[in-house]
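>>> Sequence plus the predicted model coming up.
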Amino acid sequence: MIVEKDKVVSIQYSATDETGAVVDSNMDVEPLEYLHGYGNILENLEKELTGLEMSQEKQVLLVPEQAYGDFDPELVFEVSRQQFPQGAENIELGNVVQSSDGQQLMVTDIDGDKIILDGNHPLAGRTLHFSVIIKNIREATSEELAHGHAHMHESDDHCGPDCGCHH
Ligand code: ZN
């Protein structure tokens, strides 16, 4: 069996940025299981994994445009503390808040009553080097194919709390 569309693939990976710092990894925990071909992981990473076999390892280099996009300075803006509906006194650096249209914004600076919010993905503008090992490949269940994502256990015919598709 190879990694291809409609297969559930388990991977262990680590990602480093251009400085060599590890920005994401699941090497020390359970492999990530995902349904291949549905954009559940970075699309360009998915493409690179297509055709791999069990236990194969691959190094993948993704420039920002292939990963989380370029850093957009226009997504960084200032708001006043009064613009926060509640709990603004507890706002701390690194907090992630949600705008009214559902955008995730990170608090990157606080200066008295001024709060700087950044709507860029935390890894925007970074060139990422992924090291990926294929741990398992299996057929997807018809339910997984219908939902477009992997379910935690093959025997489980109910969606987990993270499923986002409760019937
Ligand atoms: Zn589901």
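Perfect, thanks for sending it. Not measured: the values here are computed from a predicted model.
>>> Just give me the neighbour total for the residue lying closest to residue 108 once chain neighbours are set aside.
Distances taken as C-beta to C-beta, 6 or more residues apart in numbering place residue 118 nearest to residue 108, at 4.6 Å, with adjacent residues excluded. Where C-beta positions appear, they are placed from N, C-alpha and C, glycine not excepted. When neighbours are defined as other C-beta atoms under 10 Å, residue 118 has 20 of them.
>>> I'd assumed residue 75 was in contact with residue 118.
Yes. With contacts counted by C-beta atoms under 8 Å, residue 118 reaches residue 75, the gap being 6.4 Å.
>>> quick one, phi psi at residue 120?
Per-residue torsions, residue 120: phi -70, psi 150 (degrees, to the nearest 10).
>>> doesn't residue 77 make contact with it?
No. Contact criterion C-beta under 8 Å: residue 120 and residue 77 do not qualify, at 11.2 Å.
>>> Name the residue in these two with the higher neighbour count.
residue 120 (20 against 12).
>>> pLDDT value on residue 57, please?
Predicted confidence (pLDDT) for residue 57: 98.
>>> That one: neighbour count?
Neighbours of residue 57 (other C-beta under 10 Å): 11.
>>> List of residues touching stretch 10-21?
22-27, 31-34, 49, 123, 126-137 (C-beta atoms under 8 Å, 6 or more residues apart in numbering).
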